[in-house]
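# Could you work out the structure for the sequence below:
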Amino acid sequence: MNRKNRLLILVAAVLVLGGVAIAATLHAAGRAAEKDRARPGDPRVGRGEVVLDAPGRSVFRNMAWGPHRDEIASVPAAAPAGPRTSSGVRCLRFHAAGGTGICLQAVHGKLRDGYRAVVLDARMRELRRYDLAGVPTRARVSPSGRSVAWTVFVSGDSYAGTDFSTRTSVLGLDGWTLDRNLEDYRFFLDGRLHKAADVNVWGVTFADDRHFYATVATGGRTYLVRGDRTDRTLRSLHTNVECPSLSPDGTRIAYKKRVEGVPDDAPWRLYVLDLRTLRETATAERRNIDDQAVWRDGHTLVYALPGDYGSDLWTVPADGSGSPRVTMPAALAPAFTG
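Residues are numbered from 1 along each chain as shown. Below is the predicted model:
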């Protein structure tokens, strides 16, 4: 092959590769633009004021396609299928209680994305922000609104395996005192001080501004622990509990439980634990649940499952009766105000 033919082949190859790159770019741009457009039949979403202390509201991350996707939105709790009011505040994870919100956000940079936790007041205005060490996964606010917590993946991106590391922080708004890593607390396993390099803590749920529950993993097992911010301790209560959620009356924990005979990548079912008797009750939800459920009231659990928009919210009775029902499509990370 002479030099002229080699040059023609090189030019043709460059043109082909350039065309492929342009087509891929245009396709990606089209996909991005499609996400910004609302579709027929999607939930109706409009910009407006969202407040975190109004009674009888459901506040959540809107997942419907369109310009308000990923923004925190609100509907009447009694009418979850109604038109949504969107705040303009975008969050990956969110929770609210007592007129305080915690919003875990992505921060898009030139070289790579970062993440931050933003504390919000009742009018969704920023009070403080904190850089995060990894990908957001859980967030909670205490009933009073004076304490918040968040969990991030420092490494890994799923609780299903064992090759991951978390970091969980608790922040007191009175004085803005931050416990950056709950692994620094003393952990008592079956009453004995336990020290190990593999300890992970995640999924805080508050009893009050001093006490909370969470999951601790060590030695290939998970434990429900009760935490004390004053004593800086974690004490084990029960095994095989992940992502706990305390009932409004403080007597029960909803949680993910690993069960046998199911795929390794879908190991959890939704259970409720009576804290007085340690009796476990399986809910009627038989699908894999990878979420920290929320109590809508003293009888009903709300949780996310994959859907056409990425996530839908479902409900199921906490006492094991009834059956799961979709309560809100295209939604994630709910909270119930007032």
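
# Could you measure from Val294 over to His194?
30 Å (Cβ to Cβ, to the nearest Å). Backbone N, C-alpha and C define where each C-beta goes, glycine included.

# Next: Lys256.
Between Lys256 and His194 the computed distance is 22 Å (Cβ to Cβ).

# again with Phe206
For Phe206, the distance to His194 - Cβ to Cβ - is 23 Å.

# out of the two, which sits in the more crowded spot?
Each of Phe206 and His194 has its neighbours counted (other Cβ atoms under 10 Å); Phe206 has more, 25 against 17.

# Quick one, grab the pLDDT at the nearest residue to that one once chain neighbours are set aside.
Leaving out its chain neighbours, the residue that sits closest to Phe206 by Cβ to Cβ, 6 or more residues apart in numbering is Ser142, at 3.7 Å. Ser142 is assigned 98 on the pLDDT scale.

# what about the residue most central in space within the chain, distance to Thr315?
The residue lying closest to the centre of the chain (Cα atoms, centre = their mean) is Arg138, at 4.1 Å. Per Cβ to Cβ, Arg138 is found 20 Å from Thr315.

# do Arg235 as well
32 Å.

# neighbour-wise, which of these two wins?
Taking neighbours as other Cβ under 10 Å, Arg235 and Thr315 compare with Thr315 leading, 22 against 19.

# phi, psi of the more buried one?
Thr315 adopts backbone torsions of phi -130, psi 160, taken as degrees, to the nearest 10.

# I'd like the numbering to begin with 28 instead of 1 from here.
All set: I'll call the first residue 28, so the last point we hit is now Thr342.

# close enough to count as contact, it and Asp324?
No: with contact defined as Cβ atoms under 8 Å, Thr342 does not count as touching Asp324 (10.2 Å).

# in the helix or strand hosting Tyr282, what counts as buried?
Using DSSP states H and E, Tyr282 sits in strand 279-285. Under the neighbour-count criterion of 16 or more other Cβ atoms under 10 Å, strand 279-285 has 279-285 buried.

# Name the spans of the stretch 78-227 of the chain whose pLDDT lies under the cut-off.
183-191 (pLDDT under 70).

# change it to 50
Applying pLDDT under 50 to the stretch 78-227 of the chain flags the ranges 184.

# in it, which spans are helices?
With DSSP state H, counting those that start in this stretch, there are no helices along the stretch 78-227 of the chain.

# Need the nearest residue in space to Arg253, chain neighbours excluded.
Here the residue nearest Arg253, using Cβ to Cβ, 6+ apart, is Arg262, at 5.3 Å.

# ok now stretch 79-88, how far from the chain's centre?
Put simply, stretch 79-88 sits 17 Å off its chain's centre (Cα atoms, centre = their mean, to the nearest Å).

# For that stretch, measure first residue to last.
Using Cα to Cα, to the nearest Å, the end-to-end distance of stretch 79-88 comes to 13 Å.

# what do you get for stretch 287-304?
End-to-end distance for stretch 287-304, by Cα to Cα: 23 Å.

# Return the set of buried residues in that stretch.
Buried residues in stretch 287-304 (16+ other Cβ under 10 Å): 294-300, 302.

# Closest one of these to Asp140?
Trp295 (27.7 Å; Cβ to Cβ).

# who's the closest residue to the closest one other than its chain neighbours bridged to?
Among residues not flanking Trp295 along the chain, Lys283 sits closest, at 4.0 Å (Cβ to Cβ, 6+ apart). Legend: beta-bridge partners of Lys283 under DSSP bridges are Glu269, Leu297.

# Next up, the contacts around Lys283.
When contacts are counted by Cβ atoms under 8 Å, 6 or more residues apart in numbering, Lys283 touches 268-270, 295-298, 316-318.

# if we can go back for a sec, which among the buried residues of strand 279-285 gets closest to Gln132?
Nearest to Gln132 among the buried residues of strand 279-285, counting by Cβ to Cβ, is Lys283 at 24.9 Å.

# pLDDT value on that closest one, please?
Taking Lys283 on its own, its pLDDT is 98.

# Same question for His54.
40.

# The residue nearest to Phe233 - how many residues pack around it?
Around Ser169 there are 24 residues (other Cβ under 10 Å).

# what do you get for Asp346?
Neighbour number of Asp346 under other Cβ under 10 Å is 13.

# Just checking: what are the partner strands of whichever helix or strand the residue nearest to Arg253 is part of?
Following DSSP H and E, one finds Arg262 within strand 260-266. Partners of strand 260-266 in the sheet, by DSSP bridges, are strand 213-216 (parallel), strand 248-255 (antiparallel).
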